[in-house]
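Peer 1: Predicted model, plus sequence, below.
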Amino acid sequence: MIEFVLDGRSRVATYMQLVVQVKQALRVGLLRPGDQLPKVRDVAEALAINPNTVLKAYRELVLEGLAEGRPGVGTFVTGSLAGPSLGHQAQLRDELVAWLERAEAAGMSPDDVAALIETTIRGTRVPHDLS
């Protein structure tokens, strides 16, 4: 099951942070269709946020076709964002963990790592043919 974490420094709305985390979990196969999302009350208590914020996030996931609410039961994943790369992700993750350990040993902070990754992605993105 997914455990949500909030970044209090983020400019992203709290409910959207929850939505993004569910989407990330779907992309890497941590969540799959049929899985139940944590109960609204449990998430609200664990993160010390208003239950309406969690409900808003779950409604967004429903609108995007990624989840469905079942009255009295909970909210369940109905869609997937995992692509064909899912089978390769375990090995790539191991390589990334090793790289992150080297980056930490080199004195890089998490913000340094994020900046390096984001600028590298932007600088090496191969445009897709949209025709």
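Peer 2: Thanks, I have it.

Peer 1: what mean pLDDT would you report for stretch 37-47?
Peer 2: Per-region confidence: stretch 37-47 scores 97 on mean pLDDT.

Peer 1: Same check on stretch 109-125?
Peer 2: For stretch 109-125, mean pLDDT rounds to 87.

Peer 1: Need the contact partners of it.
Peer 2: L100, A103, M108 (Cβ atoms under 8 Å, 6 or more residues apart in numbering). Any C-beta I mention is one placed from the backbone N, CA and C, and that applies to glycine too.

Peer 1: Could you give me the ChimeraX selection string for whichever of these are buried?
Peer 2: Those of the contacts of stretch 109-125 that count as buried under 16 or more other Cβ atoms under 10 Å are selected in ChimeraX with:
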select :103
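
Peer 1: just curious, which of the contacts of stretch 109-125 is nearest to L30?
Peer 2: Closest approach between the contacts of stretch 109-125 and L30, by Cβ to Cβ: L100, at 18.4 Å.

Peer 1: Name the nearest residue to the closest one, sequence neighbours excluded.
Peer 2: V113 (6.7 Å; Cβ to Cβ, 6 or more residues apart in numbering).

Peer 1: what separates the helix or strand harbouring that neighbour from the chain centre, distance-wise?
Peer 2: In the assignment (DSSP states H and E), V113 maps to helix 110-124. Distance of helix 110-124 from its chain centroid, counting by Cα atoms, centre = their mean, to the nearest Å, is 18 Å.

Peer 1: same deal with stretch 8-28?
Peer 2: In terms of Cα atoms, centre = their mean, the centre of stretch 8-28 is found 5 Å from the chain centre.

Peer 1: picking up where we left off before, make JSON lines from the contacts of stretch 109-125 and add distance to V43 and secondary structure to it.
Peer 2: Converted to JSON lines, those look like this (distance: Cβ to Cβ, whole Å; DSSP: H, G, I helix; E, B strand; the rest coil):
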{"residue": "L100", "distance to V43": "28", "secondary structure": "helix"}
{"residue": "A103", "distance to V43": "31", "secondary structure": "helix"}
{"residue": "M108", "distance to V43": "32", "secondary structure": "coil"}
